[in-house]
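Peer 1: A predicted structure for the sequence below; I have some questions about it.
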There are 2 protein chains.
Amino acid sequence: MQGTPPPQQQQPATATYPPTERTVPTRSPDRAAYDKDLVHAILDEGYVCHLGFVRDGAPVVLPTLYGRIGEVLYVHGSTGSRPLRAAGRAGAGLPVCLTVTHVDALVLARSAFHHSVNYRSVVVHGLAHDVTDPEEKRQALDALVDHVVPGRAADSRPADRKELAATAVLRIELSEVSAKLRTGGVNDEPEDLGLPHWAGVVPLRKGYGTPLADPGLAPGTALPGYLAAL
Amino acid sequence: MQGTPPPQQQQPATATYPPTERTVPTRSPDRAAYDKDLVHAILDEGYVCHLGFVRDGAPVVLPTLYGRIGEVLYVHGSTGSRPLRAAGRAGAGLPVCLTVTHVDALVLARSAFHHSVNYRSVVVHGLAHDVTDPEEKRQALDALVDHVVPGRAADSRPADRKELAATAVLRIELSEVSAKLRTGGVNDEPEDLGLPHWAGVVPLRKGYGTPLADPGLAPGTALPGYLAAL
């Protein structure tokens, strides 16, 4: 994701995450942002994060669902899964890096070098801790379901004792966090502007298709408003 | 991404990546696939991968563009970037994990526990090596541009000496690789089927918006066919 960044959008003055050595990028530091509202918005728009941890000295990056309650992220999985077992064993918490990325547009420059994409990403560094408090675990699982579709947790059967026991939940505090963004248009070199190559931005669009009802729905079960409104 | 997986789609018999201890998941092993054509298709459909590496003993996961030539992936960045500098220093290669994920649909079950998403992901474990051969570097950069829009590398100004010198390229062999997929519908428990909650699948759609031309295009520069066809 190269090229000279365009001027950053102005963000309203709000609470920010204090930058650390790990969250100040060595490249394009002007693309980095620490605004909490911006970070929350990028996190809330995603479905899947990429969770990184170290296993036998080597990195592992797995896609997984997540949920957010305030300044805490939750991920979940089977109590048999590797990272969740590792976090359970790690008394001080399992070092993780959790990243969420949206690709918003393709940026086609006249020069190969300045090709890029417009994107918004959040990188969270921290320690993942096994959630042992039953009430926090319940709230975390609700947050995970509501992250997929807001309002959905209240319209589904909650996890029972057996399901809760089979599910491990990790908590990761939002404290060492940064967003990184590229927005705007093409940044070609002045001497390339006369080249005969088309240059510009191709937006990527996301949307929802028609919900496909399970064939065995109980009679009279209508599509809920929170899905019709998607 | 919980829940009992649906039956896997039949794949034609083709070359596969040999499973290893790292690429056989502890959970839902029936969702894992090693078919090379399937892996290539998932990789080629993505724009951004999540590249994981270890820095000072902690995991780092960064989004980055990538390109593929046969059984080799390439990522690039400034020669000043941390992972690329680290790979240059690591004579034996930098251990990385490179993951690409597509979320295809939201899966809403009657029970909170069986909520999921349909997805296709590829996880690549390997060693990243700095590309030093100038010809391989050029081909890798072409692959990176063509990965954003197929055919684009031939319709842009190639990198010059200065740009090539400023760009580091890493090569990662596709050898320890797996795909993981969830497809199909809702997998509720039999005793939940009569619950009055709507259940089903909400497809996620992706597409392209109208290309926005750079305001300074050379006169007479038309939208190329490979973009009009998107």
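Peer 2: Happy to help now that I have it.
Peer 1: Tell me who's in contact with residue A:55.
Peer 2: A:82-83, A:86 (CB atoms under 8 Å, 6 or more residues apart in numbering or on different chains). Every residue, glycine included, has its C-beta placed from N, CA and C.
Peer 1: Kindly recompute the last result at 10 Å.
Peer 2: Residue A:55 makes contacts with A:82-83, A:86, A:94, B:22, B:59, B:97, as judged by CB atoms under 10 Å, 6 or more residues apart in numbering or on different chains.
Peer 1: Tell me the one of those residues nearest residue A:152?
Peer 2: Of all those, residue A:83 has the smallest distance to residue A:152: 25.1 Å, by CB to CB.
Peer 1: Quick one, grab the pLDDT at the closest one.
Peer 2: For residue A:83, the pLDDT comes out at 70.
Peer 1: And the one 4 residues further on, by the same measure?
Peer 2: The model reports residue A:87 with a pLDDT of 69.
Peer 1: what about residue A:147, distance to residue A:66?
Peer 2: From residue A:147 across to residue A:66, the span is 7 Å (CB to CB, to the nearest Å).
Peer 1: any common contacting residues for those two?
Peer 2: A:43, A:46-47, A:73-74.
Peer 1: Correct me if wrong: residue A:225 contacts residue A:151.
Peer 2: Yes: if you go by CB atoms under 10 Å, residue A:225 and residue A:151 touch, sitting 8.6 Å apart.
Peer 1: More neighbours: the two, which one.
Peer 2: residue A:151 (13 against 9; other CB atoms under 10 Å in any protein chain shown).
Peer 1: show me the contacts for the closest residue to the more buried one other than its chain neighbours.
Peer 2: By the measure of CB to CB, 6 or more residues apart in numbering or on different chains, the closest residue to residue A:151 outside its immediate chain neighbours is residue A:226, 4.3 Å from it. Shown in contact with residue A:226 (CB under 10 Å, 6+ apart): A:146, A:149-152, A:154-155, B:198.
Peer 1: Selection in ChimeraX covering whichever of those are buried, please.
Peer 2: Those of these that count as buried under 16 or more other CB atoms under 10 Å in any protein chain shown are selected in ChimeraX with:
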select /A:146,149,152,155 /B:198
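Peer 1: so can I have CSV of the contacts of residue A:226 showing pLDDT?
Peer 2: Converted to CSV, the contacts of residue A:226 look like this (pLDDT from 0 to 100):
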residue, pLDDT
A:146, 97
A:149, 94
A:150, 94
A:151, 93
A:152, 96
A:154, 96
A:155, 96
B:198, 98
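Peer 1: Which ones among the contacts of residue A:226 map onto helices?
Peer 2: Counting by DSSP state H, those place residue A:146 in helices.
Peer 1: export the contacts of residue A:226 to a markdown table and tack on distance to residue B:129?
Peer 2: Formatted as a markdown table, the contacts of residue A:226 follow (distance: CB to CB, whole Å):
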| residue | distance to residue B:129 |
| --- | --- |
| A:146 | 43 |
| A:149 | 43 |
| A:150 | 45 |
| A:151 | 48 |
| A:152 | 45 |
| A:154 | 51 |
| A:155 | 51 |
| B:198 | 51 |
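Peer 1: Nearest to residue B:35 among the contacts of residue A:226?
Peer 2: Nearest to residue B:35 out of these is residue A:149 (CB to CB; 31.9 Å).
Peer 1: In terms of helices and strands, where is the residue most central in space within chain A?
Peer 2: With distances taken as CA atoms, centre = their mean, the residue of chain A nearest its centroid is residue A:100 (2.8 Å). Element membership of residue A:100 [criterion: DSSP states H and E] is strand A:94-108.
Peer 1: After that strand, which helix or strand is next? Please name it.
Peer 2: Next element after strand A:94-108 (DSSP H and E): strand A:116-130.
Peer 1: In chain A, where is pLDDT below threshold?
Peer 2: Scanning chain A for pLDDT under 70 picks out A:1-13, A:84, A:87-88, A:90.
Peer 1: Next, please give the residue ranges for the strands of it.
Peer 2: A:32-33, A:48-55, A:58-65, A:67-69, A:72-78, A:94-108, A:116-130, A:167-173, A:176-182, A:200-208, A:212-213 (DSSP state E).
Peer 1: Among those strands, which comes closest to residue B:174?
Peer 2: Closest among the strands of chain A, once you apply CB to CB, is strand A:58-65, at 15.5 Å.
Peer 1: tell me the contacts of the most far-flung residue of chain A relative to its centre?
Peer 2: Here the centre of chain A is the reference, and by CA atoms, centre = their mean the most remote residue is residue A:194, at 39.3 Å. Shown in contact with residue A:194 (CB under 10 Å, 6+ apart): A:110, B:216-219.
Peer 1: now, the most widely separated pair of those?
Peer 2: For the contacts of residue A:194, the farthest-apart pair by CB to CB is A:110 and B:219; their separation is 14.1 Å.
Peer 1: Those two: which is more packed in?
Peer 2: Per other CB under 10 Å, whichever of residue A:110 and residue B:219 has more neighbours is residue A:110, with 27 against 6.
Peer 1: Against residue A:192, how distant is the more buried one?
Peer 2: Taking CB to CB, one finds residue A:110 at 5 Å from residue A:192.
Peer 1: CA-only coordinates of stretch A:118-126 in CSV, if you can.
Peer 2: Output of stretch A:118-126 as CSV, limited to C-alpha atoms (Å, rounded to 0.1, in the frame of the first residue of the first chain):
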residue,chain,number,x,y,z
ASN,A,118,-8.1,2.7,-0.2
TYR,A,119,-8.6,0.9,3.1
ARG,A,120,-9.4,1.3,6.8
SER,A,121,-7.8,-1.0,9.3
VAL,A,122,-7.5,-1.3,13.0
VAL,A,123,-4.6,-3.2,14.7
VAL,A,124,-5.0,-4.1,18.4
HIS,A,125,-2.0,-5.3,20.4
GLY,A,126,-2.6,-6.9,23.7
